[in-house]
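S.K.: Need coordinates for the below:
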Amino acid sequence: DDKDLVHEFVVAEGLTCLIKVGAEADQNYQNYILRALGQIMLYVDGMNGLISHNETVQWLYTLVGSKFRLVVKTALKLLLVFVEYTESNAALLIKAVDGVDAKGGTKLWSNVMEILDEKDGVDTELLVYAMTLINKTLAGLPDQDSYYDMVDCLEEQGIEAMAQRHLCRKGTDLDLVEQFNMYETTLRHEDGDDETQLPPSGRKGRRRSSVGGTNERRGLERRRSRRHSLQNSRGHASAPASPSSPHSSSFLPFGGRGVEDISE
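M.R.: Below is the predicted model:
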């Protein structure tokens, strides 16, 4: 049976073999390997194999930076399946991203940010997958420090300006609008804006304090985002957007449309 084959494959260190071959292969072989990984991940033993083999997750993230579109698309889809499988996988993905980018001397999430920084915005599908991966990963992080560490890294690389550029472009894909809205509204909610309504697919409440805090004790001791701190230092703590982003009214809760299940 397939499930027995997957179990034996994982036990025989098949994942190590796959990524070793994949690292030296051309795009066609990489696509075959990605298709095989997609089948392996359908089984519990296969997914558990990935969970315990961070090198495979690192390889998938590396492929997000490929120059071949189909490789990038498939790698993003598999990472989405991985993150959606269980919340604890979000931390494993961040570990993989950290390993790859630290080794390459690049900023965390640089492969994904390069997709979002695409100036023409013509490859909507990749943009939606990239932003969905960011949101799904953030949704799986349980505490303030892990959430804000990732958010501040994205903010430092200009995700707010990238979002504004895409949202202000005429005819922006509605699924992409929804994903940018989700990021923005979740960030405002975490920063303490009680009037911000979370999207239906977002977390039901704020994350717990990283060091023994409770929701009732949030306030000055609660960590907030880099963007929130910059606004405070400029005397605009109550402003909904930073001074450099006059079009933040584009971040309206879009609602109604759900992103297509990309694990299909």
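S.K.: Tell me which residues are up against stretch 64-79.
M.R.: 27, 30-31, 34-35, 37-38, 41, 57, 60-61, 63, 93, 110-112, 114-115, 123, 125-126, 129-130, 133, 262-263 (C-beta atoms under 8 Å, 6 or more residues apart in numbering). Heads up, the C-betas are built off the backbone N, CA and C, glycines and all.
S.K.: CA-only coordinates of it in PDB, if you can.
M.R.: Provided in PDB are the C-alpha atoms of stretch 64-79 (Å, rounded to 0.1, in the frame of the first residue of the first chain):
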ATOM      1  CA  VAL A  64      10.800  29.900  -3.200                       C
ATOM      2  CA  GLY A  65      13.800  31.900  -4.500                       C
ATOM      3  CA  SER A  66      14.100  29.900  -7.700                       C
ATOM      4  CA  LYS A  67      14.000  31.700 -11.000                       C
ATOM      5  CA  PHE A  68      11.500  29.200 -12.400                       C
ATOM      6  CA  ARG A  69       7.900  30.100 -11.800                       C
ATOM      7  CA  LEU A  70       6.500  26.500 -11.500                       C
ATOM      8  CA  VAL A  71       9.100  25.500  -9.000                       C
ATOM      9  CA  VAL A  72       8.300  28.600  -6.900                       C
ATOM     10  CA  LYS A  73       4.600  28.100  -7.100                       C
ATOM     11  CA  THR A  74       4.800  24.400  -6.100                       C
ATOM     12  CA  ALA A  75       7.200  25.100  -3.200                       C
ATOM     13  CA  LEU A  76       4.900  27.800  -1.900                       C
ATOM     14  CA  LYS A  77       1.900  25.500  -2.100                       C
ATOM     15  CA  LEU A  78       3.700  22.700  -0.200                       C
ATOM     16  CA  LEU A  79       4.900  25.100   2.500                       C
END
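S.K.: what is the mean pLDDT for it?
M.R.: What stretch 64-79 shows for mean pLDDT is 98.
S.K.: List buried residues within the contacts of stretch 64-79.
M.R.: 30-31, 34, 37, 41, 57, 60-61, 63, 93, 110-112, 115, 126, 129-130, 133, 262 (16 or more other C-beta atoms under 10 Å).
S.K.: Those residues in helices, which ones?
M.R.: 30-31, 34, 37, 57, 60-61, 63, 93, 110-112, 115, 126, 129-130, 133 (DSSP state H).
S.K.: mind listing what's buried in stretch 103-123?
M.R.: Quick answer for stretch 103-123 (16+ other C-beta under 10 Å): 108-113, 115-116, 118, 121.
S.K.: do the same with stretch 155-165
M.R.: Result for stretch 155-165 [16+ other C-beta under 10 Å]: buried residues 155, 157, 159-160, 162-165.
S.K.: returning to what we had before: closest one of the buried residues of stretch 103-123 to Thr16?
M.R.: Nearest to Thr16 among these: Asn111, at 22.1 Å, using C-beta to C-beta.
S.K.: which residues sit in contact with the closest one?
M.R.: 61-62, 64-65, 100-101.
S.K.: Mind putting these into TSV with distance to Met182?
M.R.: As requested, the contacts of Asn111 are exported to TSV (distance: C-beta to C-beta, whole Å):
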residue	distance to Met182
Tyr61	21
Thr62	26
Val64	20
Gly65	24
Val100	25
Asp101	24
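S.K.: Greatest separation within these: which pair is it?
M.R.: Top of the distance list for the contacts of Asn111 (C-beta to C-beta): Val64 and Asp101, 11.1 Å.
S.K.: Give me the below-cutoff pLDDT ranges for the protein.
M.R.: Flagging of the chain using pLDDT under 70 yields the residue ranges 121, 194-197, 199-207, 210-224, 226-264.
S.K.: and the residue positioned nearest the centre of it, what is it in contact with?
M.R.: Taking C-alpha atoms, centre = their mean, the centroid of the chain lies closest to Ile134, which sits 1.8 Å from it. Neighbouring residues of Ile134 by C-beta under 8 Å, 6+ apart: 109, 112, 154, 179, 183.
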